[in-house]
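Student: Quick one, structure for this:
(chains A and B)
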There are 2 protein chains.
Amino acid sequence: MNLKNEFLKVDKYFSPRVIGEVNDQFIKAAKIKGQEIPWHNHESEDELFYIVEGSLLMEIENQENFVMQKGDLYVVKKGINHRVSSKEECLIMLIESKTTEHTGKVKSQITKSIDEQKY
Amino acid sequence: MNLKNEFLKVDKYFSPRVIGEVNDQFIKAAKIKGQEIPWHNHESEDELFYIVEGSLLMEIENQENFVMQKGDLYVVKKGINHRVSSKEECLIMLIESKTTEHTGKVKSQITKSIDEQKY
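Tutor: Numbers count the residues shown, from 1 in each chain, chains lettered A, B, ... in the order given. Just a heads-up that it's a prediction; the model follows:
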């Protein structure tokens, strides 16, 4: 599959879509625009971010914020509080354990169950 | 990190380099040119291929060959015999279990141990 084309099927912001799997990890396509994701962490799971298009503000507790650009890859380690946002549309590939809840234990308006991410 | 820049540190063909990890998976940068990888499989591990630059001929037993282009992503499922090659230089991001041997149980001239992939 062409990674970028997979985002054509993602019609909502903040609604990751499972596009594949590798071993015990899901590969997801997520489209975001704005600041709706709450601070959260994944207690025992790392989360890979790869920017396919656009740019992403990555905020990590006790670290300096940084902006990820197209082609950048970063892994948020388990247990680390983080929040991501973007002013303009940003396309992100995520790789995370099949058990990972996308907003961690924090429930917010955007929170989707893993089943809801298989659309 | 910028994914493409990671390939600047890969100075040999057929010599995957571990550039990160997410959960129980390694993220690797591999540069290939030519046909040196033997047919092999990974008995109990899937392997993700993502083409960062160039194009890759993917041969899979009992399936039609196909060419992957820049931006294409494909997961070879565990136990499936496969072989990859390219006429011109091709840059590949791999995601695979930390235990995966890159040429499976097949040993060839290009085979590197996992420690040799941490350069």
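Student: and the top strand by length along chain A, anywhere near chain B?
Tutor: The residue-count maximum for a strand in chain A (DSSP state E) belongs to strand A:82-97. Yes: for strand A:82-97 and chain B, the contact criterion (CB under 8 Å from any CB of the partner chain) is met by A:95, A:96, A:97. The way it works is simple: take the backbone N, C-alpha and C, and place the C-beta from them, glycine included.
Student: Now, of those residues, which are buried?
Tutor: A:95, A:96, A:97 (16 or more other CB atoms under 10 Å in any protein chain shown).
Student: Now these in a markdown table, please, with extra columns for pLDDT and distance to residue A:3.
Tutor: Compiled in a markdown table, these are given as follows (pLDDT from 0 to 100; distance: CB to CB, whole Å):
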| residue | pLDDT | distance to residue A:3 |
| --- | --- | --- |
| A:95 | 97 | 12 |
| A:96 | 96 | 16 |
| A:97 | 95 | 20 |
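Student: returning to that earlier point: who does the longest strand of chain A touch, helix- and strand-wise?
Tutor: strand A:25-34, strand A:47-53, strand A:55-60 (3 or more CB pairs under 8 Å, 6 or more residues apart in numbering or on different chains; DSSP states H and E).
Student: what about residue A:79, neighbour count?
Tutor: Neighbours of residue A:79 under the rule other CB atoms under 10 Å in any protein chain shown: 12.
Student: who touches the closest residue in space to residue A:90 that isn't next to it in sequence in this structure?
Tutor: Nearest non-adjacent residue to residue A:90, counting by CB to CB, 6 or more residues apart in numbering or on different chains: residue A:54, 3.5 Å away. Taking CB atoms under 8 Å, 6 or more residues apart in numbering or on different chains, we find residue A:54 in contact with A:70, A:86, A:88, A:89, A:90, A:91.
Student: Could you do residue A:74 as well?
Tutor: A:48, A:49, A:58, A:68, B:1.
Student: how about a cut-off of 10 Å?
Tutor: The contact partners of residue A:74, taken as CB atoms under 10 Å, 6 or more residues apart in numbering or on different chains, are A:47-51, A:56, A:58, A:60, A:66, A:68, A:82, A:84, B:1, B:20.
Student: returning to what we had before: and of the helices and strands packed on strand A:82-97, who's closest to chain B?
Tutor: Within the helices and strands packed on strand A:82-97, the stretch nearest chain B is strand A:47-53; the backing value is 4.3 Å (CB to the nearest CB).
Student: The closest one packs against which elements?
Tutor: Helices and strands touching strand A:47-53, by 3 or more CB pairs under 10 Å, 6 or more residues apart in numbering or on different chains; DSSP states H and E, are helix A:3-6, strand A:25-34, strand A:55-60, strand A:66-69, strand A:73-76, strand A:82-97, strand B:17-22, strand B:25-34.
Student: Select, out of these, the one closest to residue B:111.
Tutor: strand B:25-34 (13.2 Å; CB to CB).
Student: What helices and strands are in contact with the closest one?
Tutor: Helices and strands touching strand B:25-34, by 3+ CB pairs under 10 Å, 6+ apart, are strand A:47-53, strand A:82-97, helix B:3-6, strand B:17-22, strand B:47-53, strand B:82-97.
Student: what residue is smack in the middle of chain A?
Tutor: residue A:94 (5.1 Å; CA atoms, centre = their mean).
Student: which intervals of chain A have sub-threshold pLDDT?
Tutor: By pLDDT under 70, chain A contains no weakly predicted segment.
Student: So which residue of it lies furthest out from the middle?
Tutor: Residue farthest from the centre of chain A, counting by CA atoms, centre = their mean, is residue A:62 at 20.1 Å.
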